[in-house]
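S.K.: sequence unknown, structure follows:
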């Protein structure tokens, strides 16, 4: 993206999958720029307590992943942003101002106005306006912005003011994860790039390059071979199948997905936007069991994207049991039906609830799909994504209320349930 303000040129670039903060036109983050010794202060707004201090903006360090709040600075949740002032200690000829950010979702893009002055209070001169929000598609990724003037100097200033705005107001989490802010002095020392964290990232593409996965095992190098030999084929085959099954009018499944194995994460896995986070410890213990199936479950969440309907004030929130039930249906009944992982045990059949979520709800969906509506999953997903799901859906699709369907499912389960305890 290229825009101009008088003689000032603003260049912005975005990396969707790479993790090295290297861009074609935006210089890499520097560790010896003028901002390294500058004093950063909040003029307006509040730091989010979950994030890093202002020092994170000029410490010459970069985050290890796209969801590392402590390694970034961002304004408090629920606020519209704020103002940051940089005191460079003396007036210098400024060649460039470069800013960097990284997040898997709405906190990736940068929206701010840059001004400069020499008394730090009331002599501000507007230098440039920045807005890197993509006009379409997912907003996640690494963003680099470089602000420069065609003659080689933006002017001679001591102070810079960043008036930062949030990227969206649909939820409280729209404040950018700023990773580094650099000020390059004209005639100053040559910028020395920040050392990038060592990374192990494999790019996996589906047929024709329709979708790309960045599988990051930097924090779990012992899982690298498994992801290459075992997981990659699953991604290539099943992501397109899931996208086709969960298609709906006017929607295209995300084309760039991150799968990150975390050394510190607890639990199993979680998906936020197009980023799948995996607990390395759990995967090590389950490589020959549920490991691949669990990621298939998360791929369903990547395709679902039901959060998109939150931007529609008329939308009806999708119940969590529907969201998780669909993911487990695809996993247990389509990807690995031979495992019988969603069977209802005989001792549980009488009290089984269709809205218990996960495996139990998956079993209920399979019953309704098999007996009443082969297109149930596709149509249920379309309603959920559009924000139009209500209990009337079941009557419209099958001719029976959800209560009637649940009763029939339980009765069937009592006669066919697994006898295992």
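M.R.: Great, that's in hand. No experiment lies behind these values; they were computed from the predicted model shown. Numbering: from 1, shown residues only.
S.K.: what segments of the stretch 151-300 of the chain are strands?
M.R.: Counting by DSSP state E, counting those that start in this stretch, the segments of the stretch 151-300 of the chain that form strands are 156-165, 178-185, 201-205, 212-216, 256-262, 269-272, 275-279.
S.K.: please name every helix or strand in contact with the longest one.
M.R.: Looking back up the chat, that one is strand 156-165. strand 81-103, strand 111-117, strand 178-185 (3 or more Cβ pairs under 8 Å, 6 or more residues apart in numbering; DSSP states H and E). C-betas here are computed from N, CA, C, even on glycine.
S.K.: which of these sits closest to residue 11?
M.R.: strand 81-103 (9.4 Å; Cβ to Cβ).
S.K.: now find how far off-centre that closest one is within its chain.
M.R.: Strand 81-103 sits 26 Å away from the centroid of its parent chain (Cα atoms, centre = their mean, to the nearest Å).
S.K.: strands paired with that strand, and their directions?
M.R.: For strand 81-103, the paired strands and their directions (DSSP bridges) read strand 39-44 (antiparallel), strand 141-149 (antiparallel), strand 156-165 (antiparallel), strand 178-185 (antiparallel).
S.K.: now render these as JSON lines, adding distance to residue 8.
M.R.: Below are the strands paired with strand 81-103 laid out as JSON lines (distance: least, Cβ to Cβ, whole Å):
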{"stretch": "strand 39-44", "distance to residue 8": "22"}
{"stretch": "strand 141-149", "distance to residue 8": "5"}
{"stretch": "strand 156-165", "distance to residue 8": "13"}
{"stretch": "strand 178-185", "distance to residue 8": "14"}
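S.K.: quick check: domain ranges of the protein?
M.R.: 2-185, 201-416 (automatic domain parsing).
S.K.: phi, psi for the residue nearest the centre of the chain please.
M.R.: The residue lying closest to the centre of the chain (Cα atoms, centre = their mean) is residue 104, at 2.9 Å. For residue 104, the backbone dihedrals (degrees, to the nearest 10) come out as phi -80, psi -10.
S.K.: so, low pLDDT: which residues of the stretch 301-421 of the chain?
M.R.: Confidence mapping of the stretch 301-421 of the chain against pLDDT under 70 gives the ranges 310-311, 417-421.
S.K.: show me where it has its strands.
M.R.: Going by DSSP E, counting those that start in this stretch, the stretch 301-421 of the chain shows no strands.
S.K.: partner residues bridging residue 141?
M.R.: Bridge pairing for residue 141 - DSSP bridges - gives residue 103.
S.K.: mind listing the helices for this structure?
M.R.: Taking DSSP state H, the helices of the chain run over residues 224-226, 232-245, 280-285, 291-304, 320-329, 346-349, 358-371, 376-386, 392-398, 402-416.
S.K.: which one of those helices lies nearest to residue 74?
M.R.: Taking the helices of the chain one by one with Cβ to Cβ, helix 291-304 is closest: 23.7 Å.
S.K.: just checking, what packs against the closest one?
M.R.: helix 232-245, strand 256-262, strand 269-272, strand 275-279, helix 320-329, helix 376-386.
S.K.: recalculate using a threshold of 6 Å.
M.R.: helix 232-245, strand 269-272, helix 320-329 (3 or more Cβ pairs under 6 Å, 6 or more residues apart in numbering; DSSP states H and E).
S.K.: what's in contact with that helix?
M.R.: 234, 238-239, 242-243, 246, 253-254, 257, 268-269, 271, 274, 276, 283, 327, 330-331, 335-336 (Cβ atoms under 6 Å, 6 or more residues apart in numbering).
S.K.: specify the angle between that helix and helix 232-245 in degrees.
M.R.: Counting by axes from the mean of the first three to the mean of the last three Cα atoms, to 10 degrees, helix 291-304 lies at 40 degrees to helix 232-245.
S.K.: and helix 291-304 with helix 376-386, angle?
M.R.: Going by the same axes, to 10 degrees, helix 291-304 makes 50 degrees with helix 376-386.
S.K.: ok, residue 147 - contacts?
M.R.: 10, 97, 128.
S.K.: what would the residues you listed look like in a markdown table with pLDDT and distance to residue 360?
M.R.: Formatted as a markdown table, the contacts of residue 147 follow (pLDDT from 0 to 100; distance: Cβ to Cβ, whole Å):
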| residue | pLDDT | distance to residue 360 |
| --- | --- | --- |
| 10 | 97 | 53 |
| 97 | 98 | 55 |
| 128 | 97 | 55 |
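S.K.: between these, which has the most around it?
M.R.: Of all the contacts of residue 147, residue 97 has the most neighbours under the rule other Cβ atoms under 10 Å, reaching 27 neighbours.
S.K.: in space, what's closest to it - neighbours in sequence excluded?
M.R.: residue 147 (4.5 Å; Cβ to Cβ, 6 or more residues apart in numbering).
S.K.: need the helices and strands packed on helix 291-304 in JSON lines with mean neighbour count and distance to residue 58, can you?
M.R.: Conversion of the helices and strands packed on helix 291-304 to JSON lines gives the following (neighbours: other Cβ atoms under 10 Å; distance: least, Cβ to Cβ, whole Å):
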{"stretch": "helix 232-245", "mean neighbour count": "17", "distance to residue 58": "38"}
{"stretch": "strand 269-272", "mean neighbour count": "19", "distance to residue 58": "28"}
{"stretch": "helix 320-329", "mean neighbour count": "22", "distance to residue 58": "41"}
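S.K.: can you redo the ones you listed as CSV with distance to residue 68?
M.R.: Shown next, in CSV, are the helices and strands packed on helix 291-304 (distance: least, Cβ to Cβ, whole Å):
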stretch, distance to residue 68
helix 232-245, 24
strand 269-272, 13
helix 320-329, 26
